[in-house]
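>>> fold the following.
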Amino acid sequence: MRTSAEHTLPAVGKNADEMSRKWNKLCSPSAFIPLSVQAEAFEWNEKPKNAIEALKTDRGHAKLVTARTTSSQKAIRRILSETEHSLSLLERDKLAMLGELIAGASRIFVYGVGRSGLVLRTAAMRMMHLGLTTFVVGDCTTPAINSGDLLIVASGSGSTSSVVHAAKTAKQKNAKVVVITANGDADVNRLADLVVFITAAVKEDRGQTLSMQFAGSLFEQTVFFLFESLFLLLWRLSGLSAEQLFRRHANLE
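Below is the predicted model:
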């Protein structure tokens, strides 16, 4: 993914302190209706009275009978509660620095594997809407990274070999590197100009101590909301209208 648009986003602040101040103002209770979700006990192994009857087969196609609505609502509330908690633990000064790096980069490259990579693709799309020159590593049209560019990688474990390799290459080319991870001791963190730590379980965690969700779901959800929030901040600071952003939206669909 790329955009041919010029890097038009104006400077968002003289330094990270100014960005942090604007971030705090933007995220004040008066700016948004706060999300209040009470975590409810949810027994994943409970057997609903009017629950899933079975996986019924109809001409070879599995058909799942809907489970009890209340159980689904509890699951949704649990996921929202976990995500809200994880987001509340993000270091705002790190988010301010991330915004500065994005706004000041000549070009932005994003890379992740699996679901983390899919989330970063959504972030790349929003940065494209802002007029930033953005590429997804691995696409056949993605060029070489160089000095002045920014690489953003996301890896819950911080040990994905291709992510580590991409970070090493970026550093060798004198590009800036941002690592988003749930592992504060990951080797890839030593290659980073900025590490954004997310309090979430990694996919290898089976203990369900940080999340009742499977594998890296909470990490991926938090990364998604992190970039949606950052996009909203950068959009407001850019002064661009929604119409101006939409002109860059794909029209070959």
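>>> which ones are touching A200?
86, 156, 182, 210-211, 216, 218-219, 222 (CB atoms under 8 Å, 6 or more residues apart in numbering). Any C-beta I mention is one placed from the backbone N, CA and C, and that applies to glycine too.
>>> and what of Q221?
Taking CB under 8 Å, 6+ apart, we find Q221 in contact with 79, 82-83, 86.
>>> mind listing what's buried along the host helix or strand of A170?
Assessed by DSSP states H and E, A170 sits inside helix 161-172. Neighbour counts over helix 161-172 (16 or more other CB atoms under 10 Å) mark 163-164, 166-167, 169-171 as buried.
>>> turn those into a markdown table, including distance to L118 and pLDDT.
Putting those into a markdown table (distance: CB to CB, whole Å; pLDDT from 0 to 100) gives the following:
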| residue | distance to L118 | pLDDT |
| --- | --- | --- |
| V163 | 14 | 96 |
| V164 | 20 | 96 |
| A166 | 16 | 97 |
| A167 | 19 | 97 |
| T169 | 22 | 97 |
| A170 | 21 | 98 |
| K171 | 25 | 97 |
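>>> okay if I get these as CSV plus distance to G99?
CSV is the format used below for those (distance: CB to CB, whole Å):
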residue, distance to G99
V163, 22
V164, 25
A166, 22
A167, 20
T169, 24
A170, 19
K171, 21
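>>> just confirm S86 is within a helix.
Yes: assignment of S86 by DSSP: H, G, I helix; E, B strand; the rest coil places it within a helix.
>>> is it true that it touches L218?
Yes: proximity of S86 to L218 meets the contact threshold set by CB atoms under 8 Å, at 5.9 Å.
>>> of the two, who's got more company?
With neighbours defined as other CB atoms under 10 Å, S86 and L218 compare such that L218 has more, 26 against 23.
>>> which parts of the helix or strand containing the more buried one are buried?
Assigned by DSSP H and E, L218 belongs to helix 217-238. By neighbour count on 16+ other CB under 10 Å, the buried set for helix 217-238 is 217-224, 226-227, 229-231, 233-235, 237-238.
>>> on that earlier part again, I'd like to know which of the contacts of A200 is nearest to M97.
Minimum distance to M97 across those is 17.5 Å, recorded for T222 (CB to CB).
>>> nearest spatial neighbour of the closest one, chain-adjacent residues omitted?
Distances taken as CB to CB, 6 or more residues apart in numbering place S86 nearest to T222, at 4.4 Å, with adjacent residues excluded.
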